[in-house]
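Asker: fold the following.
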Amino acid sequence: MKNLFLIAAFSFGITGIAQNTSYWQQHVDYKMDVKMDVKTYQYKGKQELVYTNNSPDTLRKVYYHLYNNAFQPGSEMDARIQSIKDPDARMVRKIKIGDTEAKESRIKTLKPNEIGYLHISNFKQDGQNALAKEVGTVLEVTLAKPILPNSKTTFSLDFDGQVPVQIRRSGRNNAEGVELSMAQWYPKLAEFDFEGWHADPYIAREFHGVWGNFDVNITIDSNYILGGSGYLQNKNEIGYGYQEAGVTVVQPKKTKTLTWHFIAPNVHDFTWAADKNYLHDVVQGPNDVAIHFLYKNNPAIIENWKKLEPLMVKVMGFYNTTVGNYPYKQYSFIQGGDGGMEYAMCTLMLGNGTFEGISGTAAHELGHSWFQHILASNESKHPWMDEGFTSFIEDLALNEFAEKKVTNPFKGSYITYAKLVESGKEQPQSTHGDRFDENRSYSIASYVKGGIFLSQLGYVIGEEKLKETLKRYFNDFKFKHPTPNDVKRSAERVTGANLDWYLLDWTETTNTIDYGIKDVKDNAGATTITLERIGRMPMPIDVLVEYADGTSESFYIPLRMMSFEKENPMPTIKRTVLNDWAWAYPSFEFTIAQPKSNIKKITIDPSGLMADVKLENNSYLTK
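Answerer: Numbering: from 1, shown residues only. Modelled structure (predicted):
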């Protein structure tokens with residue numbers, strides 16, 4: 001089994017390189033041995049990392065993330081909680097100051113035995129001492145010798161960590177009683193790419209990592225059950241539901257600890273969780289993927305988790321068909337987070353609450369396997385590429401398997417986006433994830449407007465071309481680090497359309513879409529309709545005209561700068577393709593061969609997939 005996984009990892013890497021000879025990315029191979037003290041929640045470990053510099057640059061410094069250090073009073077994360085207008089409710093507690101209720105950072109009051117930390121010692125490069133300087137949540141390393149292009153070097157270090165009281169994502173003893181949620185727990189090498197180093201401090205948001213292979217040994221008290229990234233190599237020694245069929249595992253009473261050995265090939269992260277009271281189910285998913293479910297032995301939630309299992313098998317199959325095949329042979333849904341958070345080959349998520357709540361979370365986090373853990377965009381710089389695209393396929397999937405399907409499963413997203421625009425608090429999606437003025441603005445820009453990027457792209461190029469684009473994007477950039485331009489280029493390659501305007505206006509500005517019906521007038525037995533562009537952002541326009549006799553006719557106005565004509569989205573209705581509309585002209589006029597008295601209603605964008613922020617001027621009703 002071990003050799004099989006290493007061969008698979010090698011195959012993944014060759015595929016990524018062969019597709020584009022001008023593209024490069026760094027590579028890491030981690031070996032880690034860690035011992036957890038479950039009484040003190042402290043752990044010690046050793047790490048050996050082989051780093052391959054595939055870049056054209058000579059590197060004289062490297063950087064590591066030390067995420068645990070964020071959970072200390074006075075950290076940047078603590079400061080941000082105290083300064084932002086709408087702090088994450090999970091990270092604050094309500095206190096009384098006189099007659100006023102205030103919110104206090106939970107990090108601010110952590111005691112020494114409750115904080116998180118990760119400290120490094122004995123750092124060596126190829127056996128030589130290197131200077132390692134801890135700066136908050138980042139380790140700056142001045143190398144003993146430069147790493148030349150197309151060469152390898154080996155880093156070794158010792159690390160000491162303490163698991164914090166769970167404030168956000170990682171931690172111990174969360175609100176649902178899970179003892180250990182070990183996310184971002186180890187010294188993690190920062191990403192270096194064509195833009196340079198991405199050694200972002202851990203302030204609030206998401207993560208970015210280097211593709212590689214993980215070989216991890218975790219030694220912990222023998223009564224703990226683990227779930228996480230990778231493939232368990234010694235499952236017949238461990239048991240707890242991992243053993244092969246027909247194998248009975250009996251642990252000797254004197255066995256105080258067990259060492260769990262995991263290998264995770266071709267991932268950019270490694271996460272695990274542990275608890276003494278997990279139930280562990282395994283079901284067979286599409287393409288022989290083993291889907292693990294680890295959740296607390298709590299009678300109040302067991303039925304919901306059992307119902308979740310067949311649904312997630314269906315959802316994985318839907319994602320495979322919609323985007324591309326999940327390439328690993330295991331995925332784990334683990335009760336262990338403070339909401340839901342995606343990691344390599346697993347998610348940590350809340351497990352209590354309603355079935356609708358956990359199924360929505362599970363569907364969303366599973367979707368991240370495609371748009372973050374196979375297509376590894378930079379979540380800090382472009383969170384909308386991951387959160388938004390994941391929200392899009394989640395909405396599609398949940399609607400697909402709902403008892404009552406709706407025509408537009410994204411309708412709520414369009415309403416939410418329009419309200420943000422109306423509030424005046426929108427910031428461009430190109431804003432770094434940590435730099436949004438409010439958490440609400442970040443969430444809507446990333447999850448909601450990011451999802452609309454795709455649903456609206458379906459309006460722009462047509463639903464079938466959108467489906468082709470998703471599959472093309474996945475196949476072109478899986479196991480790479482795609483950028484926003486890569487998404488656009490995939491759509492352009494599929495359609496032949498020019499889409500630079502779409503990427504620019506939607507993601508790098510706060511320009512809005514607002515088209516209206518300006519005038520409808522009789523014209524010698526015909527009807528002349530005048531449309532106007534009020535917002536800055538251009539769009540191609542669909543117009544539906546409904547007649548008094550019950551028939552309908554559609555009109556399509558191509559956008560000149562797009563150089564494209566989409567297929568008729570309503571093939572059962574006659575469509576007329578009009579002259580194109582160039583952005584510089586604020587109005588557009590066309591005539592139909594019907595008197596005004598025969599017209600019942602005129603509608604701009606009957607699909608509701610164009611994110612027009614002022615819908616009241618999009619329709620005309622004959623009085």
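Asker: downstream of the worst-scoring helix or strand of the chain on mean pLDDT, the next helix or strand is which one?
Answerer: Every helix and strand of the chain was ranked by mean pLDDT, DSSP states H and E. The lowest is helix 2-18, at a mean of 40. Using DSSP states H and E, the helix or strand that follows helix 2-18 in sequence is strand 27-37.
Asker: and the closest residue to residue 165 other than its chain neighbours, what's its pLDDT?
Answerer: Closest residue to residue 165 in three dimensions, ignoring its sequence neighbours and counting by Cβ to Cβ, 6 or more residues apart in numbering: residue 114, at 4.5 Å. (C-beta placed from N, C-alpha, C; glycine too.) The score at residue 114 is 98. That number is its pLDDT.
Asker: which SS state does residue 114 fall under?
Answerer: coil (DSSP: H, G, I helix; E, B strand; the rest coil).
Asker: roughly how far does it sit from residue 60?
Answerer: Going from residue 114 to residue 60 by Cβ to Cβ, to the nearest Å gives 38 Å.
Asker: looking at those two, which is more packed in?
Answerer: Comparing residue 114 with residue 60 by other Cβ atoms under 10 Å, the one with more neighbours is residue 114, at 20 against 11.
Asker: so how far is residue 167 from that one?
Answerer: Relative to residue 167, residue 114 is positioned 10 Å away (Cβ to Cβ).
Asker: between these two, what contacts are shared?
Answerer: Overlap of the contact sets of residue 114 and residue 167 (by Cβ atoms under 8 Å, 6 or more residues apart in numbering) is empty.
Asker: contacting residues around the helix or strand harbouring residue 319?
Answerer: Secondary structure from DSSP H and E places residue 319 in helix 299-322. With contact meaning Cβ under 8 Å, 6+ apart, helix 299-322 is reached by 279, 281, 283-287, 289, 291, 293, 295, 326, 331, 333, 351-352, 354-355, 358-359, 362-363, 366-367, 369-370, 393, 396-397, 400-401, 467, 470.
Asker: what's the answer for stretch 50-65, then?
Answerer: So stretch 50-65 is contacted by 24-29, 120, 137-143, 146-155, 184, 187-190, 192-194, 197, 199, 202, 207 (Cβ under 8 Å, 6+ apart).
Asker: among the residues you listed, which ones are buried?
Answerer: Using 16 or more other Cβ atoms under 10 Å as the burial test, the contacts of stretch 50-65 include 24-29, 120, 137-139, 141, 143, 147, 153, 155, 184, 187-190, 192-193, 199, 202, 207 as buried.
Asker: list the contacts of the residue of the chain most remote from its centre.
Answerer: Distance from the C-alpha centroid of the chain peaks at residue 524, with 56.0 Å (Cα atoms, centre = their mean). By Cβ under 8 Å, 6+ apart, the contact set of residue 524 is empty.
Asker: pLDDT at it, what is it?
Answerer: 89.
Asker: and residue 253, by the same measure?
Answerer: pLDDT, residue 253: 77.
Asker: just how off-centre is the helix holding residue 319 within its chain?
Answerer: Counting by Cα atoms, centre = their mean, to the nearest Å, helix 299-322 is centred 19 Å from the centre of its parent chain.
Asker: what's the answer for stretch 547-563, then?
Answerer: Centroid separation between stretch 547-563 and its chain, computed with Cα atoms, centre = their mean, is 36 Å.
Asker: can you check stretch 489-503 too?
Answerer: In this view, stretch 489-503 has its centroid 22 Å away from the chain centroid, taken as Cα atoms, centre = their mean.
Asker: now do that stretch, average pLDDT.
Answerer: 98.
Asker: which other residues reach it?
Answerer: Contacts with stretch 489-503, where a contact means Cβ under 8 Å, 6+ apart, come from 457, 460-461, 465-466, 468-469, 472-473, 476-477, 484-485, 487-488, 538, 559, 561-564, 583.
Asker: that's all I had, so thanks and see you.
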